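# this one's sequence-less:
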DNA sequence: GCGTCACTTGACGCAGTGTAAAGTTTACAC
DNA sequence: GTGTAAACTTTACACTGCGTCAAGTGACGC
């Protein structure tokens, strides 16, 4: 018999590879099984549903890619630096989770489990936005017209995966320009004009 | 026998009403048929596929809601006014097409016809963005660091239906705040700082 | 040898889209 | 009134992809 956790990992890696390929969004359970070299039923043995597989994959990627380490740097920064550091961290992580995120977003309208899982992630990301806006507020850099909540709503929207998709995937921006311009955009909206160029 | 074009309109209106209801995104062909008071096959008699029905609905809404009139005002404006006028026009139109747009976006990953139709619309909207950025450029209000294309890419992204969805549907902003803040955001990113407050 | 765990095989139920074919109703023509 | 044609109904079915079920196989521990 095979090692169960090894098979599980094989399935997760196969699924990730497929999702990262061109037609990744259309990846079916049978494709995953074939790519992993197991039967379709073996996939269901490890993951009850397609949504559960994708959700498990996000966690798998998180641990493999050290998401916590990436975000640690942004938590150390203060004032305007915190905004930049957060955009570096989150913006740099988007391309990593994008393939599976895209699949989860695609099934979200019709699948509560997928929708909730993705919403949870986006809610967690919102905490980072709020912390960055709070950091601006605490050094008096936040525009007077903005509240913590309004600023957070907008930053959370600007840094959405959909916007990354639009700029990088659709418009063909490269990742570094995305980061640079998102920083400029966020600062232009959130910060008093006398606090930046 | 019934009037074919009357039945067609009945189907389109029923479909629109369903899409505008709470669980609109999940609207099936059989739901549309039932709501229109015709058989499921009658729907297929008028629209070969679900995608075709949704695409026809966007056109139907365009004509009923006078989309051309809405955009005419923005084409008349110049300089900074053109940006505001375009955001008023397009931003005001998003809530109108959102229900059917959401359905089209949901099926886009797996349906070429739906994807292409939605992309076409977004490409048309991009023309408006480009015209607005060009208007800024022509009065010397565009930031030196920005090109026409970069500015257009970003404005097109900022004014996406997804961002309206995030702010209005998810964050609960009201429509007028969405418009106001989008204008502020766009100006903050696109315009030289000495051209606005 | 015996059980058990991981997995395979093949079949099936289900939902929703789309197709096919035969029948019904209405209108209009002559 | 008979004929015909268009709009629509009814019933049935094919297809895809998800998820389930049940019986079978192979390896390993004891």
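Thanks, I have the structure now. If you're wondering where the values come from, they're calculated on a predicted model, not measured in any experiment.

# give me the next element, helix or strand, following the worst-scoring helix or strand of chain A on mean pLDDT.
The weakest-scoring helix or strand in chain A, judged by mean pLDDT, DSSP states H and E, is helix A:67-76 (a mean of 85). Tracing the chain C-terminally past helix A:67-76 and defining elements by DSSP states H and E, one meets helix A:79-107 next.

# quick one: list the elements packing against that following helix.
helix A:4-20, helix A:50-64, helix A:67-76, helix A:112-138, helix A:161-164, helix A:175-190 (3 or more CB pairs under 8 Å, 6 or more residues apart in numbering or on different chains; DSSP states H and E). From N, CA and C alone the C-beta is placed, and that goes for glycine too.

# just the pLDDT for the spatially closest residue to residue A:115 that is not a sequence neighbour.
Nearest non-adjacent residue to residue A:115, counting by CB to CB, 6 or more residues apart in numbering or on different chains: residue A:108, 4.0 Å away. For residue A:108, the pLDDT comes out at 96.

# show me which residues of chain A sit near DNA strand D.
Applying CB under 7 Å from any atom of the strand, one finds that chain A approaches DNA strand D through A:1, A:28-30, A:40-41, A:44, A:48-51.

# what about stretch A:72-83, distance to the chain center?
Stretch A:72-83 sits 19 Å away from the centroid of its parent chain (CA atoms, centre = their mean, to the nearest Å).

# also stretch A:148-165?
In terms of CA atoms, centre = their mean, the centre of stretch A:148-165 is found 12 Å from the chain centre.

# residues touching residue A:96, list them.
Residues counted as contacts of residue A:96 (CB atoms under 8 Å, 6 or more residues apart in numbering or on different chains) are A:61, A:65.

# go again using 10 Å as the cut-off
Applying CB atoms under 10 Å, 6 or more residues apart in numbering or on different chains, one finds that residue A:96 lies in contact with A:20, A:61-62, A:64-65, A:67, A:70.

# dump the residues you listed to CSV, plus neighbour count.
Below are the contacts of residue A:96 laid out as CSV (neighbours: other CB atoms under 10 Å in any protein chain shown):
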residue, neighbour count
A:20, 13
A:61, 18
A:62, 16
A:64, 13
A:65, 13
A:67, 18
A:70, 16
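
# sorry, back to before: the residues of chain A next to DNA strand D in helices, which ones?
Residues of the residues of chain A next to DNA strand D located in helices (DSSP state H): A:29-30, A:40-41, A:44, A:50-51.

# filter the residues you listed down to the ones near DNA strand C?
Answer for these near DNA strand C (CB under 7 Å from any atom of the strand): A:40-41.

# any quick PyMOL command for the buried ones out of the ones in helices among the residues of chain A next to DNA strand D?
To isolate the buried members of those in PyMOL, using 16 or more other CB atoms under 10 Å in any protein chain shown:
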select buried, chain A and resi 29+50+51
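
# want to try CSV for the ones in helices among the residues of chain A next to DNA strand D, with pLDDT and distance to residue A:164 as columns?
Shown next, in CSV, are these (pLDDT from 0 to 100; distance: CB to CB, whole Å):
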residue, pLDDT, distance to residue A:164
A:29, 97, 27
A:30, 97, 30
A:40, 97, 33
A:41, 97, 36
A:44, 97, 32
A:50, 98, 24
A:51, 98, 22
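
# among the ones in helices among the residues of chain A next to DNA strand D, which two are most distant?
Using CB to CB, those span at most 17.6 Å, a distance reached by A:41 and A:51.

# so residue A:40 touches residue A:32, yeah?
Yes. At 8.4 Å, residue A:40 counts as touching residue A:32 under the criterion of CB atoms under 10 Å.

# picking up where we left off before, which elements pack onto the least confident helix or strand of chain A?
Using 3 or more CB pairs under 10 Å, 6 or more residues apart in numbering or on different chains; DSSP states H and E, the elements in contact with helix A:67-76 are helix A:50-64, helix A:79-107, helix A:112-138.

# kindly state the domain boundaries assigned to chain A.
Here the domain parsing of chain A from automatic domain parsing is A:4-47, A:65-195.

# and the last one, how far out from the chain's middle?
Its chain's C-alpha centre and that of domain A:65-195 lie 9 Å apart, by CA atoms, centre = their mean.

# and residue A:142, backbone torsions?
phi -70, psi 130 (degrees, to the nearest 10).

# does it really touch residue A:149, like I thought?
No. Taking contacts as CB under 10 Å, residue A:142 lies outside contact range of residue A:149: 11.6 Å.

# now the common contact residues for those two.
Counting by CB under 10 Å, 6+ apart, the residues touching both residue A:142 and residue A:149 are residue A:133.

# of these two, which one has the most company?
residue A:142 (21 against 11; other CB atoms under 10 Å in any protein chain shown).

# let me see the contact set for the most centrally placed residue in chain A.
Nearest to the geometric centre of chain A sits residue A:94, at 4.4 Å (CA atoms, centre = their mean). The neighbourhood of residue A:94, defined by CB under 10 Å, 6+ apart, consists of A:101, A:125, A:159-161, A:163-165, A:168, A:175, A:178-179.

# quick check on those residues: which are buried?
A:101, A:125, A:159-161, A:163-165, A:168, A:178-179.

# make JSON lines from these and add pLDDT to it.
What follows is the buried ones among the contacts of residue A:94, written out as JSON lines (pLDDT from 0 to 100):
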{"residue": "A:101", "pLDDT": "97"}
{"residue": "A:125", "pLDDT": "96"}
{"residue": "A:159", "pLDDT": "98"}
{"residue": "A:160", "pLDDT": "98"}
{"residue": "A:161", "pLDDT": "98"}
{"residue": "A:163", "pLDDT": "98"}
{"residue": "A:164", "pLDDT": "98"}
{"residue": "A:165", "pLDDT": "98"}
{"residue": "A:168", "pLDDT": "98"}
{"residue": "A:178", "pLDDT": "98"}
{"residue": "A:179", "pLDDT": "98"}
